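S.K.: here are the coordinates; sequence isn't available:
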Ligand SMILES: [Zn+2]
């Protein structure tokens, strides 16, 4: 069995960075790195990498990619409040569990 730590955010969540040098930036969670308690957020913490020419990039050169940040540095972003928020839980009418914004009640699970 695959025991995964339970985090307050998941892949595809919209999050905002609340600490560190990228504070105030927001984006979608691309990847969670459970062994290291880190995650990768779209367009956040970009680093430049120098690459050798390859089939994909025949010129080589510099590519930008996201570096991971610590998972405790992000909170879910509520699009209605436009603020990072803590999530509560609610059972939906169809019986599914969803995370909701504790401030406004907006459903934060994008696939719910
Ligand atoms: Zn809200």
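M.R.: Sure, I can see it. Fair warning: this is a prediction, and the values are worked out from it, not measured in the lab. Numbers count the residues shown, from 1 in each chain.

S.K.: Kindly state the beta-bridge partners for the residue nearest to the spatial centre of the chain.
M.R.: Centroid-nearest residue in the chain: residue 29, 2.7 Å away (criterion: Cα atoms, centre = their mean). Listed beta-bridge partners, residue 29: residue 41 (assigned using DSSP bridges).

S.K.: Isn't it up against residue 16?
M.R.: No: with contact defined as Cβ atoms under 8 Å, residue 29 does not count as touching residue 16 (11.1 Å). Where C-beta positions appear, they are placed from N, C-alpha and C, glycine not excepted.

S.K.: Name the residues contacting each of those two.
M.R.: Between them, residue 29 and residue 16 share these contacting residues under Cβ atoms under 8 Å, 6 or more residues apart in numbering: residue 74.

S.K.: quick one: whichever helix or strand residue 64 is part of to chain centroid distance?
M.R.: Assessed by DSSP states H and E, residue 64 sits inside strand 61-66. Centroid separation for strand 61-66 versus its chain: 20 Å, with Cα atoms, centre = their mean, to the nearest Å.

S.K.: ditto for stretch 35-50
M.R.: Centroid displacement of stretch 35-50 relative to its chain, using Cα atoms, centre = their mean, is 10 Å.
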